[in-house]
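Asks: please work out how this folds:
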Amino acid sequence: MKNSMSWLQIGVVALCFLLNFNDGIDVLLVSFTGSEIMKEFGLTNAELGYIFSSGLGGMTAGCFILAPFGDRIGRRKIFLISLFLISLGMLLVNFSTHYGLLLACRVITGLGIGGILPNLATVAAEFSTDKTRDFNVGIVQGGWPLGAILTGFVSAWIVPVYGWRFAYLTAGLFSLVMLVAVFFVLPESPAYLDRANRVTKISSWRDLFVPEFRQSTIQLWLATFFGFITLYTVLSWVPILAKQSGMPFELATYIGTAMNLGAFSGVFVMGLLIGRVGIKRVILVYVILAFVLLNLYGNLDQDFVLKFALTFGIGFFVQGGFNTMYPASTRIYPSEIRSTGVGLAMGMGRFGAILGPSLFGLLADSGASISTRFIVFSLPIVLAGLLINRIKKLDAGR
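Replies: Now for the predicted structure:
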């Protein structure tokens, strides 16, 4: 493939970025509105943790059920189905009057997000040149924290004035706009069309465990599991902890925004570094620094400025380090099984995402100190980095 990208290729990668931007809104909105939901429904920390985990449970199901169909019916159709589910789940939250219905809405939204996220990496890879592939797959992941940043600023304005439900209504309408954009703008992946014309064999999860891929698949699954434990615990609870510390809603929301601003910066720098020093070295440096900053956050007395700075650093290194797994997974698997490989890896990882926030909430209710909780939840991201460094199939790309 030639090294320069056409305007169509650039446009598709940009659209993938916007779709990930939309997913950042839909996932993180519950973190920014969690304290208000707790008040209205009279929830405990553990029950709020279940709201986080219900969305993550839906994402897990989406990774397993929807995402692999990208290899069978095409990436574009999966985008449309997933965006419909996301829009439906977000809009229905506006009408939720019972805790159970709220949980169901988060499952529906999560199902759509789980279906679309792995295919975003796949499409970005397949519309890129060999020279730009790792950078494009990495930078598409930057849309997610950027969407979360916007969510933080908008929530700080909308929620005190119009209420938390209006925020979900707005996000649902934006998802509908994205659905229309995909329908009219996004072409099917040429790599998928070429394979569909040549091959009749339907991809299966068993293809991930042939001798060529077995060891890499197991290592990638374990890495995403541990990485998601730390990532989603931090994303879900840091804004809540800021609010519980007594900060005004607006300032506490800006703490969450600082984390996502750090995440966007970290993902962008990660994309630049991968092509120069390789995935393995990048993730190792990132996870070590993430470990250090998480433990500083859990052990230092902090004023607003220090809390803002540490949160920015945590976002930079935790999410920036975790997102190296997307270009890594697209490099491990060929086009024939890429959506299946990336989707199931992220699906296995979601079990860690479900476990993390709920366990953090249970530990909080049991009286465990913030220091203890951050020590516990800083270790999994380091294990994830070590596992990625053991994947031999990544050595060809350094």
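
Asks: going forward, measure contacts between C-alpha atoms and count neighbours the same way
Replies: Will do.

Asks: in the chain, which residue is closest to the centre?
Replies: residue 144 (6.7 Å; CA atoms, centre = their mean).

Asks: surely that residue and residue 22 touch.
Replies: Yes - assessed by CA atoms under 8 Å, residue 144 is found in contact with residue 22 at 7.1 Å.

Asks: rewinding a little: packing partners for the helix or strand where the residue nearest to the centre of the chain lies?
Replies: According to DSSP states H and E, residue 144 maps onto helix 143-162. Secondary-structure packing of helix 143-162 (3 or more CA pairs under 8 Å, 6 or more residues apart in numbering; DSSP states H and E): helix 7-41, helix 164-185, helix 249-277.

Asks: how far off centre is the second one?
Replies: Averaging C-alpha coordinates over helix 164-185 and over its chain gives two centres that are 18 Å apart (CA atoms, centre = their mean, to the nearest Å).

Asks: just checking, what packs against it?
Replies: Against helix 164-185 (3+ CA pairs under 8 Å, 6+ apart) you get helix 7-41, helix 75-93, helix 143-162.

Asks: thinking again about what came up before, what angle sits between the helix holding residue 144 and helix 249-277?
Replies: Angular relation of helix 143-162 and helix 249-277 on a 0 to 180 degree scale: 170 degrees, by axes from the mean of the first three to the mean of the last three CA atoms, to 10 degrees.

Asks: list the buried ones in helix 143-162?
Replies: Buried residues in helix 143-162, counted by 16 or more other CA atoms under 10 Å: 143-153, 155-156, 158-159.

Asks: now do stretch 355-368
Replies: Buried-residue list, stretch 355-368, by 16+ other CA under 10 Å: 355-364.

Asks: how about the CA coordinates for that stretch, as PDB?
Replies: C-alpha atoms of stretch 355-368 as PDB (Å, rounded to 0.1, in the frame of the first residue of the first chain):
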ATOM      1  CA  LEU A 355     -15.000  -6.100  38.400                       C
ATOM      2  CA  GLY A 356     -13.000  -3.000  39.000                       C
ATOM      3  CA  PRO A 357     -15.500  -0.300  39.700                       C
ATOM      4  CA  SER A 358     -17.800  -2.600  41.700                       C
ATOM      5  CA  LEU A 359     -14.900  -3.900  43.900                       C
ATOM      6  CA  PHE A 360     -13.700  -0.300  44.500                       C
ATOM      7  CA  GLY A 361     -17.200   0.600  45.700                       C
ATOM      8  CA  LEU A 362     -17.400  -2.500  47.900                       C
ATOM      9  CA  LEU A 363     -14.000  -1.700  49.400                       C
ATOM     10  CA  ALA A 364     -15.100   1.900  50.100                       C
ATOM     11  CA  ASP A 365     -18.200   0.700  51.900                       C
ATOM     12  CA  SER A 366     -16.100  -1.800  53.900                       C
ATOM     13  CA  GLY A 367     -14.000   1.100  55.300                       C
ATOM     14  CA  ALA A 368     -10.800   0.500  53.200                       C
END
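
Asks: contacts for it, please.
Replies: 45-46, 48-50, 52-53, 228-230, 232-233, 236-237, 370, 373, 377 (CA atoms under 8 Å, 6 or more residues apart in numbering).

Asks: these two touch, right, residue 217 and residue 211?
Replies: No - using CA under 8 Å as the test, residue 217 is too far from residue 211 to be in contact (10.3 Å).

Asks: low-confidence regions, this protein specifically.
Replies: For the chain, the stretches flagged by pLDDT under 70 are 1-3, 195-204, 249, 253, 395-398.

Asks: tally of neighbours for residue 113?
Replies: For residue 113, the number of neighbouring residues by other CA atoms under 10 Å comes to 33.

Asks: please apply the same query to residue 248.
Replies: Using other CA under 10 Å, residue 248 has 11 neighbouring residues.
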